[in-house]
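In: Have a look at this fold, sequence not included:
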Ligand code: PSU
Ligand code: MN
């Protein structure tokens, strides 16, 4: 029988037992969203940011068929450095555990495992969503459906701008996933501070987010997630004109090469990095850092 028990690191288990703040971090951004070897430095930096915000980091990944919540140094190194580490969405967890595979977890798999471990706050860069070519390809990230059924608060810089943002917002509404703009009346644009789309609710403090989470729990009903949409600071965003130009080029390249399925998102993120000489990477990192800091404050405010 595959071992489906969660492997909590001692630090994460102790923190959860003591009701101390814990922040879950995904590993796909490390293994497949950022270039080596910088990805390892970023993974370590993000954990340090959680700690300096007064919370315990719980990076999630599957290693040799076991689901880990909280990684030690060697395990984090493996996720960052081993090219055979797969990309695992929620639906891949059972086959990965049953076959002894190793993989980095996307938002859907991370949210699922973190919630099972009893973690309520999760930080990432940008969520997956509805892709631009949806009518033909029907590519919609499994992140959305999973978040419709998982009571977790996800701090993100919106959804990746490679996506169809208005369509993704529409799906989030249909799925009953609440969105709070953090200090903004606009939905963030991942590399950009604003996508131009409005949000219905704006909060300005971690305590306000915690109050919304408490209200969600008190109300009961479908156990959907809460999205805290936290924009990258304008000073650190990608130049919007550069963004629009290289994104159009990258999308065309993706179509021409017939890239599909799980490869689409890493391909587009990589193309943007290449075509902006790394500027998209800096904006991506600035967004993730801000999200991780805020997630620690939210976890501590509960
Ligand atoms: N945010 C980033 N970089 C990433 C991702 C998010 O800044 O690489 C990952 C997340 O793991 C997200 C995944 O769940 O991209 C979505 O992939 P797909 O579109 O194949 O569902
Ligand atoms: Mn997809």
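Out: Nice, thanks for sending it over. In this text, all values refer to a predicted model and were calculated from it rather than measured experimentally. Ligands and ions are numbered 1, 2, ... in the order given.

In: Go ahead and flag the most central residue of this protein.
Out: residue 124 (3.1 Å; Cα atoms, centre = their mean).

In: who touches that residue in this structure?
Out: Shown in contact with residue 124 (Cβ atoms under 8 Å, 6 or more residues apart in numbering): 25-26, 29, 107, 110, 154-156, 288, 291. For every residue, glycine as well, the C-beta is placed using N, CA and C.

In: Residue 19 looks like it's in a strand, true?
Out: No: read with DSSP: H, G, I helix; E, B strand; the rest coil, residue 19 is coil and lies in no strand.

In: now it: how far from residue 300?
Out: Distance of residue 19 to residue 300, computed by Cβ to Cβ, to the nearest Å: 11 Å.

In: The two: which is more packed in?
Out: Neighbours around residue 19 and residue 300, counted as other Cβ atoms under 10 Å, are more numerous at residue 300. The numbers are 16 against 9.

In: What ranges does this structure have for its strands?
Out: Assigned by DSSP state E, the chain shows strands spanning 7-8, 22-25, 56-63, 66-69, 86-88, 103-105, 121-123, 153-156, 178-182, 202-203, 226-229.

In: May I see these organised as CSV, with distance to ligand 1 and mean neighbour count added?
Out: Converted to CSV, these look like this (distance: least, Cβ to the nearest ligand atom, whole Å; neighbours: other Cβ atoms under 10 Å):
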stretch, distance to ligand 1, mean neighbour count
strand 7-8, 20, 20
strand 22-25, 11, 30
strand 56-63, 10, 27
strand 66-69, 16, 23
strand 86-88, 7, 22
strand 103-105, 7, 28
strand 121-123, 10, 30
strand 153-156, 7, 27
strand 178-182, 17, 21
strand 202-203, 22, 16
strand 226-229, 13, 25
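
In: Kindly reformat the ones you listed as a markdown table containing mean pLDDT and distance to residue 129.
Out: Putting the strands of the chain into a markdown table (pLDDT from 0 to 100; distance: least, Cβ to Cβ, whole Å) gives the following:
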| stretch | mean pLDDT | distance to residue 129 |
| --- | --- | --- |
| strand 7-8 | 98 | 30 |
| strand 22-25 | 98 | 20 |
| strand 56-63 | 98 | 20 |
| strand 66-69 | 98 | 25 |
| strand 86-88 | 97 | 16 |
| strand 103-105 | 98 | 17 |
| strand 121-123 | 98 | 16 |
| strand 153-156 | 98 | 11 |
| strand 178-182 | 98 | 12 |
| strand 202-203 | 98 | 21 |
| strand 226-229 | 98 | 11 |
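
In: Give the burial count for the nearest residue to residue 132 once chain neighbours are set aside, as a bare number.
Out: Distance criterion Cβ to Cβ, 6 or more residues apart in numbering; nearest residue to residue 132, sequence neighbours excluded, is residue 164 at 4.7 Å. By other Cβ under 10 Å, 19 other residues sit near residue 164.

In: Using a markdown table, lay out the strands of the chain together with distance to residue 40.
Out: What follows is those, written out as a markdown table (distance: least, Cβ to Cβ, whole Å):
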| stretch | distance to residue 40 |
| --- | --- |
| strand 7-8 | 21 |
| strand 22-25 | 13 |
| strand 56-63 | 12 |
| strand 66-69 | 17 |
| strand 86-88 | 17 |
| strand 103-105 | 13 |
| strand 121-123 | 18 |
| strand 153-156 | 22 |
| strand 178-182 | 28 |
| strand 202-203 | 34 |
| strand 226-229 | 27 |
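
In: Of all those, which one is nearest residue 271?
Out: Nearest to residue 271 among these is strand 86-88; the distance by Cβ to Cβ comes to 17.0 Å.

In: tell me which strands and helices that closest one is in contact with?
Out: When contacts are defined as 3 or more Cβ pairs under 8 Å, 6 or more residues apart in numbering; DSSP states H and E, strand 86-88 packs onto strand 103-105.

In: Show me what the strand it packs on packs onto, helices and strands only.
Out: Against strand 103-105 (3+ Cβ pairs under 8 Å, 6+ apart) you get strand 56-63, strand 86-88.

In: what lines up beside the last one in the sheet?
Out: Looking back up the chat, that one is strand 86-88. Applying DSSP bridges, strand 86-88 is found paired with strand 103-105 (parallel).
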